[in-house]
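# Sharing a model prediction with you, sequence too.
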Amino acid sequence: MKILYRLGFYFGGFSIGLIFLAFILNGKKTSCNYTPNARVIDNLLQKEIMISEDVKRNKPQLSTNKIKELIRNGKVNFYKSDTKRDSCRLYHIEIETSKSEFFEVLNCSRTLNVISFNLP
């Protein structure tokens, strides 16, 4: 069999497979989170957000939508986080624009507790 026929059959089968895969995955909430940072952020965004009283007193304008936006745009600093806990893990999330702006959250099984907030 000539090489052009082989390539034609290969690319024909490959394109049919891509179309089949597009129909299967269309409309489903699939994501490819390969890095540890992406997996943690995806996990944090799926939880119910609880804001501590100290944070509410210092930042009364803070809402759950704002926290979700900051989590999406933030980066988890694993060196300052405590991921070895059994019950609720502590994550230190830094805002991409500056290293001095951060907040800390406790990631429990069903809730996400914002415990400290260092943003202007």
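Arrived safely, thanks for sending. Numbering: from 1, shown residues only.

# List the buried residues in stretch 83-90.
For stretch 83-90, a neighbour-count test (16 or more other Cβ atoms under 10 Å) marks 88-90 as buried. Placement of C-beta: from N, CA and C, glycine included.

# Pick out whichever of these sits closest to residue 19.
For the buried residues of stretch 83-90, the residue nearest residue 19 by Cβ to Cβ is residue 89; the value is 41.4 Å.

# Settle this for me: that closest one is touching residue 106, isn't it.
Yes. Counting by Cβ atoms under 8 Å, residue 89 does reach residue 106; the two are 7.2 Å apart.

# Following element in sequence after the least confident helix or strand in the chain by mean pLDDT, please.
Every helix and strand in the chain was compared by mean pLDDT, DSSP states H and E; the lowest is helix 53-58, with a mean of 83. Sequence order places helix 64-73 as the next helix or strand after helix 53-58, per DSSP states H and E.

# Need the residues that contact that next one.
41, 44-45, 49, 51, 93, 95-96, 103, 105, 114, 119 (Cβ atoms under 8 Å, 6 or more residues apart in numbering).

# same thing with stretch 46-54?
62, 64, 67-68, 107-108, 110-116.

# Let's see that with 10 Å instead.
58-59, 62-65, 67-68, 71, 105-117 (Cβ atoms under 10 Å, 6 or more residues apart in numbering).

# Mind giving me the PyMOL select for the residues you listed, buried ones only?
To isolate the buried members of the contacts of stretch 46-54 in PyMOL, using 16+ other Cβ under 10 Å:
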select buried, resi 62+67+71+105+106+107+112+113+114+117
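
# gap between the two ends of stretch 83-92?
In stretch 83-92, first residue to last residue: 10 Å (Cα to Cα, to the nearest Å).

# again, but for stretch 46-59
23 Å.

# Name the residues of that stretch that are buried.
49-51, 55.

# re the thing from before, which pair in the contacts of helix 64-73 spans the largest distance?
Maximum distance among these (Cβ to Cβ): 21.8 Å, for 51 and 96.

# Output the below-cut-off pLDDT ranges for this structure.
30, 98-99, 120 (pLDDT under 70).

# all helices in it, in order from the N-terminus.
3-25, 36-45, 53-58, 64-73 (DSSP state H).
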